[in-house]
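> what shape does this take:
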Amino acid sequence: MLNVPTIPRLKKQLFFVTTAIALFTAPFVSLANDTIFYHLSSLGIRPNTGKDVTEALNKVIYKLKQGKQSGKIISIVFEPGRYDFFPENAIKKTLFISNHDQVNPKVIGVGFENMENVVINGNGADWVFHGRMLPVAFEKVRNFIIKNVHIDFYQPQICQVEVLVNDTINKAITFKTAPWVTYQVRDSIFYNQGESWEFNPSSAIAFEKDSKHIVYNTSDVGAPLRHVAELAPGVIKVFNWNNKKLLPGHVLALRSWQRPAPGIFIDQSKNTTLQNVSVHYAEGMGLLAQVSEDITLNNFRVALRDEHDPRYFTTQADATHFSGCRGRITSINGFYEAMMDDAINVHGTYLKVTNVKGCKQVLAQYMHGQSYGFKWGEAADEVQFIASKSMETISQNKVRSIKAIDQPTFTGAKQFEITFEKDLDTFFLNGQPIGIENLSWAPEVYFAGNTIRNNRARGALFSTPKNVVVENNLFDHTSGSAILLCGDCNGWYETGACRSVLIKNNRFINALTSMFQFTNAIISIYPEIPELKKQQKYFHSGVKIEGNRFETFDKPILYAKSVDGLTFKNNTVITNQKYQAFHWNRFPFLFQRVVNYKIASNQFDYKFKKHKDIKSD
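Sure, this is the predicted structure:
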């Protein structure tokens, strides 16, 4: 909605591409006999008209797919400018998207399915979406490149306001809405409204007005907007709101916990590249990829438009999220800021064993309400079984067959019948909860040269047994932990144990300004283990933290739980007084069930004492 070319709100009209002849006689240029360029302006799809291009563009994509010439690369070229997408003529389709609300059908702005060897060049175009939509979906595509595109929404669901008065004596806060916000006060309840949607915000994130940092030690702010009065247009007084941390001038992003769709969705695809693509808002993740192979993000941005952008927020959840992928995930030179969750999260999904049907067969199911309905595995996949309470590996096996039992196909399924090649371990007979991790669908990760700043929760999350390299990144005021190595077969059901992680030459600036889940230190190695004392094995291993620079106002540098093999060397720790130290963890190094660790050759700007600064249980 903001800082894009201004266009009058015209009555929505449609472009129609009526025949295949009209499409394939349009001007194109063939280079080196391998690429065919289709210029959308010659097909009637032009920028800066204010008209709905949704149906016309999807018809072009469909006809290109139908007329694809073998061996040729299709290049779809946009003119620079703004293109508007409306839900009325969008693709309506049932999709189950990991870590999102499973509300259907999804409303897709631009959809690519069963296509290969395609390049989409936006030439810096703004794709502006209206209402509630999934802007871009890639399903079962191969060798795809999308580049030079900005994705934004005309009216985001996050409601931005500025605190004018905080009357702590009478427990009331008065705020002013941002100019683009539309709302209604009805029965003294504040409703944020948009195109065919409204809701009563329940939570907020508070930002400093000038720096756009999240306000120190605020975390998620409760927003009780159910007893309010409108004092003037855009000026709202909220009664029974008692929060001394919110000061005049603070900017609040009022939000719900809904995440119906990401900005970009990649499903069951291979070799997908996003280059110079920016997502400025999405009601879910910026990018969600599931069950896909080899994804490259080069200068991918989930960010404000520029330093003059009046917004303080970007996406409602993670900037990027990868669920059940394999091959190599690469994020280089990215820019991730002001999102309401992490910059990147890479994991698989544990299934929970619900019944043992025989010596080689079990029933198992997805457990989290936001993660089900998509393909989990296939025949010949390598898997391992996890004791949920201790998070210890029981045994490994190979899938002989897998089928959904509550749906005709994997789409929408929660429950599966899985048959394995070898007999099950006797542990299955003791009635303890067991999870299944798919080792074949686990990626290696290269995360380098990225900037992560001014976001809620955490910076980067990794849960994969393959190689992970995190280097030359800037983590600037990530609010919670900068890096988290996790694993949870009890709540989120996100796999799994890391076996080789290199965290090198990164700069960390004032992380841990607020408390969120799993944020026990700047780098937090925190698998969820209900019965840690009963654990005999170790969860994570092979973690090296080398050559990094930590600039911090508080004590915790590294927290680790259940790790065999941990190195922290050649790092520099510099303390400052920008904020008052408040974290409950008063140890620079706090370890629980950690063996074979080494802390050496580090530089501290204070006198480091091993016997006081390292606590190991």
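
> which ones are touching residue 254?
Shown in contact with residue 254 (CB atoms under 8 Å, 6 or more residues apart in numbering): 158, 159, 160, 161, 192, 201, 203, 204, 223, 225. Where C-beta positions appear, they are placed from N, C-alpha and C, glycine not excepted.

> give the contact list for the nearest residue to the fourth one once chain neighbours are set aside.
With CB to CB, 6 or more residues apart in numbering as the criterion, residue 161 has its nearest non-adjacent residue at 4.1 Å, and that residue is residue 175. Listed by CB under 8 Å, 6+ apart, the contact partners of residue 175 are 161, 162, 163, 164, 235, 236, 238, 252.

> now with 10 Å?
Contacts for residue 175 (CB atoms under 10 Å, 6 or more residues apart in numbering) come out as 159-166, 190, 204, 223, 225, 228, 234-238, 241, 246, 248, 250-252, 254.

> any of those residues buried? List them.
Among those, those classed as buried by 16 or more other CB atoms under 10 Å are 159-163, 166, 190, 204, 223, 225, 228, 236-238, 241, 246, 250-252, 254.

> among the residues you listed, which lie within helices?
Judged by DSSP state H, helices contain none of those.

> hang on, the earlier thing: element containing the residue nearest to residue 161?
Per DSSP states H and E: residue 175 is located in strand 172-177.

> report the rounded mean pLDDT for that strand.
Averaged across strand 172-177, pLDDT comes to 98.

> neighbouring strands of it in the sheet, and parallel or not?
With DSSP bridges as the test, strand 172-177 is paired with strand 159-167 (antiparallel), strand 235-239 (antiparallel).

> need the contacts of residue 254 in a markdown table (columns: distance to residue 139 and pLDDT).
Shown next, in a markdown table, are the contacts of residue 254 (distance: CB to CB, whole Å; pLDDT from 0 to 100):
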| residue | distance to residue 139 | pLDDT |
| --- | --- | --- |
| 158 | 28 | 98 |
| 159 | 32 | 98 |
| 160 | 33 | 98 |
| 161 | 38 | 98 |
| 192 | 31 | 98 |
| 201 | 33 | 97 |
| 203 | 32 | 97 |
| 204 | 35 | 98 |
| 223 | 37 | 97 |
| 225 | 38 | 98 |
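
> which parts of the longest helix anywhere in the chain are buried?
For the chain, the longest helix by residue count, based on DSSP H, is helix 54-66. If you call a residue buried by 16+ other CB under 10 Å, then helix 54-66 has these buried ones: 54, 55, 56, 57, 58, 59, 60, 61, 62, 63, 64.

> now for whichever helix or strand comes after that helix, which elements pack on it?
Scanning forward in sequence from helix 54-66 by DSSP H and E, the next helix or strand is strand 73-77. Strand 73-77 makes packing contacts with strand 35-39, helix 54-66, strand 116-129, strand 142-153 when contacts are defined by 3 or more CB pairs under 10 Å, 6 or more residues apart in numbering; DSSP states H and E.

> where does the prediction get shaky in the chain?
1-33, 69 (pLDDT under 70).

> whichever strand or helix holds residue 278: partners in the sheet, and parallel or antiparallel?
Residue 278 is part of strand 270-279, with elements assigned from DSSP H and E. Using DSSP bridges, the strands paired with strand 270-279 are strand 142-153 (parallel), strand 293-298 (parallel), strand 301-302 (parallel).

> now do the end-to-end distance for stretch 249-262.
31 Å (CA to CA, to the nearest Å).

> can you give me the buried ones in it?
250, 251, 252, 253, 254, 255, 256, 258, 259, 260, 261, 262.

> what distance separates it from the centre of its chain?
Centroid displacement of stretch 249-262 relative to its chain, using CA atoms, centre = their mean, to the nearest Å, is 14 Å.

> how about stretch 554-563?
Taking mean C-alpha positions (CA atoms, centre = their mean), stretch 554-563 and its chain are 24 Å apart.

> output it as CSV, nothing but the C-alphas.
The C-alpha trace of stretch 554-563 is given here as CSV (Å, rounded to 0.1, in the frame of the first residue of the first chain):
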residue,chain,number,x,y,z
ASP,A,554,23.9,-8.8,29.0
LYS,A,555,25.6,-11.9,30.2
PRO,A,556,24.4,-15.0,28.3
ILE,A,557,26.5,-15.8,25.3
LEU,A,558,26.0,-19.6,24.8
TYR,A,559,23.4,-22.0,26.2
ALA,A,560,23.6,-25.6,25.3
LYS,A,561,21.5,-28.7,26.3
SER,A,562,22.3,-32.3,25.4
VAL,A,563,25.3,-31.8,23.1
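
> buried sites along that stretch?
Burial within stretch 554-563, assessed by neighbour count using 16+ other CB under 10 Å, is assigned to 554, 555, 556, 557, 558, 559, 560, 561, 562, 563.

> adding secondary structure and distance to residue 448, write these out as JSON lines.
Shown next, in JSON lines, are the buried residues of stretch 554-563 (DSSP: H, G, I helix; E, B strand; the rest coil; distance: CB to CB, whole Å):
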{"residue": "554", "secondary structure": "coil", "distance to residue 448": "27"}
{"residue": "555", "secondary structure": "coil", "distance to residue 448": "28"}
{"residue": "556", "secondary structure": "coil", "distance to residue 448": "25"}
{"residue": "557", "secondary structure": "coil", "distance to residue 448": "22"}
{"residue": "558", "secondary structure": "strand", "distance to residue 448": "21"}
{"residue": "559", "secondary structure": "strand", "distance to residue 448": "24"}
{"residue": "560", "secondary structure": "strand", "distance to residue 448": "23"}
{"residue": "561", "secondary structure": "strand", "distance to residue 448": "26"}
{"residue": "562", "secondary structure": "strand", "distance to residue 448": "27"}
{"residue": "563", "secondary structure": "strand", "distance to residue 448": "23"}
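
> reformat those as JSON lines; add distance to residue 280.
As requested, the buried residues of stretch 554-563 are exported to JSON lines (distance: CB to CB, whole Å):
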{"residue": "554", "distance to residue 280": "32"}
{"residue": "555", "distance to residue 280": "36"}
{"residue": "556", "distance to residue 280": "33"}
{"residue": "557", "distance to residue 280": "34"}
{"residue": "558", "distance to residue 280": "34"}
{"residue": "559", "distance to residue 280": "34"}
{"residue": "560", "distance to residue 280": "36"}
{"residue": "561", "distance to residue 280": "37"}
{"residue": "562", "distance to residue 280": "39"}
{"residue": "563", "distance to residue 280": "38"}
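
> among the residues you listed, list the two that are farthest apart in space.
554 and 562 (23.9 Å; CB to CB).

> tell me which strands the helix or strand where residue 567 lies pairs with, and in which orientation.
With elements taken from DSSP H and E, the one containing residue 567 is strand 558-569. Under the criterion DSSP bridges, strand 558-569 sits next to strand 523-525 (parallel), strand 540-546 (parallel), strand 589-600 (parallel) in its sheet.

> chain center to it, what's the gap?
With CA atoms, centre = their mean as the basis, the mean position of strand 558-569 lies at 26 Å from the chain mean.

> for stretch 288-306, the distance to its chain's centre please.
Counting by CA atoms, centre = their mean, stretch 288-306 comes out at 9 Å from the chain centroid.

> buried residues in it?
Applying 16+ other CB under 10 Å to stretch 288-306 flags 288-305 as buried.

> and if you look at stretch 609-617?
Within stretch 609-617, the residues scored as buried using 16+ other CB under 10 Å are 613, 614.

> so that it lines up with my notes, have the first residue be 41 from now on.
All set: I'll call the first residue 41, so the last point we hit is now stretch 649-657.

> look at it and report the distance between its end residues.
End-to-end span of stretch 649-657 (CA to CA): 17 Å.

> now do stretch 170-188
Per CA to CA, stretch 170-188 runs 21 Å from first to last residue.

> who touches the residue most central in space within the chain in this structure?
For the chain, the residue sitting closest to the mean C-alpha position, by CA atoms, centre = their mean, is residue 358 at 2.7 Å. Taking CB under 10 Å, 6+ apart, we find residue 358 in contact with 139, 299, 302, 322, 324-328, 342, 376, 379-385, 495, 497-498, 501.

> so which of those sit within strands?
327, 328, 342, 376, 384, 385, 501 (DSSP state E).
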